Each structure stands twice: as structure tokens, then as C-alpha cells.
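**Student:** Would you be able to build a 3D model of this:
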Amino acid sequence: MTTRTGYALVVTTHGGPDVLAVQEHDVPEPGAGEVLVEVAAAGVNFIDVYQREGVYPTVPPFVIGQEGAGVVSAVGADAAGFAVGDRVAWPFAGGSAASLVRVLSRDLVRVPDAVDLETAAAVMLQGLTAHYLTRSTYAVGAGTTALVHAAAGGVGQLLVQMVKALGGIVVATAGTDEKCSTAAELGADHTINYRTEADLSAAVRAATGGGGVDVAYDGVGKDTFEASLASLRPRGLLALYGAASGQVPPFDLQRLNGAGSLFVTRPSLPHHLATAAELAWRADEVLAAVADGTLRVAIGGRYALTDAAAAYAGLEGRRSQGKLLLIP
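**Tutor:** Below you'll find the model as predicted:
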């Protein structure tokens, strides 16, 4: 099988951002059901961090990255529906932080002409996450009150906009006044700087007139989990979709009863892209909203592969706003 040579961002051993190295990378021509893509941009995500650190089982060396967008360079057998030159994006394809990547055709979506490839890469994983959280994990509707943590981050900004578009009310938290202003500009009804509030759940309840929220979207984890629980109304739901501050320790499930028959779930995106039809539904809605301007995607920084350590340091230090991209 012939190969093409490009460059890739490699995890040389488990550890911090300093274990990343740009190396030459030979990529075989696409096999059955695969498409070879010339990558325009790859997303920077916490799943990359978990894999780099070994929290998620991985065996170094390996090419980091899951999400991206680009142009089809070659098409393998049985990869129906795609041709050289097509503009495509994907939420999950291992080794995406590279100049070339092979992707299963069933994992690809077409990018509308009105959406540039960097924006498509920026909205894939996080946009589809915000979509399933607001449509499936908790079906937001008119009058739904939602707590959105890290509201100026990649997922947070999209959650604020989607909840508002569905008729909901948003209580947004962020770690600086500047980030709170970002959330307000996107439509958040109430903003709370969690670093200056002595009692975060009390501030959330005050914003809701004492009743609490219907759903709490928490991608922060350890630092906000208790406040999220305490912010829920009876029979409210906490969607713990990430752990930017660390994993939540085990807790007594009986607490959910005492606090009002609460629900807690730990959803993830792959389980909400179970079929090609489900991927197409979610991606088509998200990209259509980007194309018509009803969903704004903020790109917080663009980094060359050689500067990837700085990108991940910014993500892990929660210093960034919006989406960070690697440009091969």
C-alpha cells in the first residue's frame, strides 16, 4: 500500500503538554470505507488531555486529536457519497492533529458553503455536545431554566445560545467579570462570577427567585458539582458532561432523594452519535444554525502544531474563551 508523508502532533509518553512533539508521519492511502483528508484545522479538547495523561487508556506514541475539518484528498473503496475536493468535518477521528488523516466515511459530515473550514472544525465536538445536552439529555423548551457553568468556554458559549434559541432562561457562571460579560452578550439572563461568590448555589437560587434551576449543565466537575446539585429544583437534573477541574468523588445516592428526587447523569457524545442518521441530524442542525448566523462560534486562538503545548496549557488552565484550534 502506498503512503503519503505529512506532519503530526505526537504524544511521546504520558504526561503534560511538554510531551507533545511534531514528527513526520506516513499515512497510508485510504482503505475500504475510508477517506483521506487534508486537514485545515483540528480542535483542541479535554479528551485529548485525558488521553495524553493516560486517564483514558492509550499507548504512546500516538497522534493526538479527535476533531477537525478539511478537504477530501483521496477516497477508498466503498466510501460512497464523497469525492476528492469535498469539504468535510468530523467530531471523532483519532490522529486528527496532523496534516493528513484517514477518516471513516460514515463519521464525516459535509460542510455547507457558507461555513468556513476553521469554524466547522471549531463547532463539531462542542456543538454536537451542546446539541445533545439541550435536545436529548434534557429537552429544553419555553421557560426552562438552565444553569450553564464555564459559560464563556467552547461548549458553554454554545449552550447559552442554544438554550435561548429554544426559549429557555440561562443562569451563567464564569471565572472572571470579562467572561461573564461574554456570556451576557450571548444572551445569558443572569451571570455569576463564581470566584467572587462565597456561596455559588445561593447566588443561583437568588437569580431564580429561590426556586432553583430545571437543569444544570456542568462540564467543570469537582469544583462545581456540589453547587450544581444544590442549585436544582425538586426533580431537577444535573448533566455532568466533563471534568475540567478534576473528577467528582463518589457520593451517596441517597442524597438525591433528600434533595428532592434529583437526577444526575454522566452523558458523553459518542453515545449520542449512535448511528449515521443521528450524526447527520445533529450536525446538519448545528451547521445550518452557524450558516444562517443564529449560532455564533468564537475561535479563541489558532496555533501551529509546533505551538500546541501553549494551546493545551491555555485550555487546561481555563484561561481561554471560545474554541482553540491547531492549524497543521
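**Student:** Helix or strand: which one has the residue nearest the centre of the chain?
**Tutor:** Nearest to the geometric centre of the chain sits residue 126, at 2.7 Å (CA atoms, centre = their mean). In the assignment (DSSP states H and E), residue 126 maps to helix 117-132.
**Student:** for that helix, the distance to its chain's centre please.
**Tutor:** Helix 117-132 sits 7 Å away from the centroid of its parent chain (CA atoms, centre = their mean, to the nearest Å).
**Student:** how about low-confidence regions in this protein?
**Tutor:** Residues of the chain meeting the criterion pLDDT under 70: 1.
**Student:** mind listing the helices for it?
**Tutor:** For the chain, the helices defined by DSSP state H occupy 46-53, 117-132, 154-165, 177-185, 200-207, 225-231, 254-258, 276-291, 308-316.
**Student:** in stretch 320-328, what's buried?
**Tutor:** Using 16 or more other CB atoms under 10 Å as the test for burial, stretch 320-328 gives 320-326, 328. Every residue, glycine included, has its C-beta placed from N, CA and C.
**Student:** From start to finish, how long is that stretch in a straight line?
**Tutor:** From its first residue to its last, stretch 320-328 covers 20 Å (CA to CA, to the nearest Å).
**Student:** from what I can see residue 20 touches residue 12, true?
**Tutor:** Yes. Contact criterion CB atoms under 8 Å: residue 20 and residue 12 qualify, at 7.5 Å.
**Student:** Which one of the two is surrounded by more residues?
**Tutor:** Shown here are residue 20 and residue 12; by other CB atoms under 10 Å, residue 20 has more neighbours (21 against 14).
**Student:** which ones are touching the more buried one?
**Tutor:** Counting by CB atoms under 8 Å, 6 or more residues apart in numbering, residue 20 makes contact with 9-12, 52, 64, 308-309, 312.
**Student:** quick one on the thing from earlier: residue 74: which of the helices of the chain is closest?
**Tutor:** Among the helices of the chain, helix 117-132 comes nearest to residue 74, with 17.7 Å by CB to CB.
**Student:** Using PDB, write out every CA atom in that closest one.
**Tutor:** Provided in PDB are the C-alpha atoms of helix 117-132 (Å, rounded to 0.1, in the frame of the first residue of the first chain):
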ATOM      1  CA  LEU A 117     -13.500  25.000   7.500                       C
ATOM      2  CA  GLU A 118     -12.000  26.500  10.600                       C
ATOM      3  CA  THR A 119     -15.400  27.300  12.000                       C
ATOM      4  CA  ALA A 120     -16.600  23.800  11.100                       C
ATOM      5  CA  ALA A 121     -13.700  22.300  13.000                       C
ATOM      6  CA  ALA A 122     -14.400  24.600  15.900                       C
ATOM      7  CA  VAL A 123     -18.100  23.600  16.200                       C
ATOM      8  CA  MET A 124     -18.000  19.800  15.700                       C
ATOM      9  CA  LEU A 125     -17.300  18.200  19.000                       C
ATOM     10  CA  GLN A 126     -18.600  21.000  21.200                       C
ATOM     11  CA  GLY A 127     -21.500  22.000  19.000                       C
ATOM     12  CA  LEU A 128     -22.800  18.400  18.800                       C
ATOM     13  CA  THR A 129     -22.300  18.100  22.600                       C
ATOM     14  CA  ALA A 130     -24.400  21.300  23.200                       C
ATOM     15  CA  HIS A 131     -27.000  19.900  20.800                       C
ATOM     16  CA  TYR A 132     -27.400  16.500  22.600                       C
END
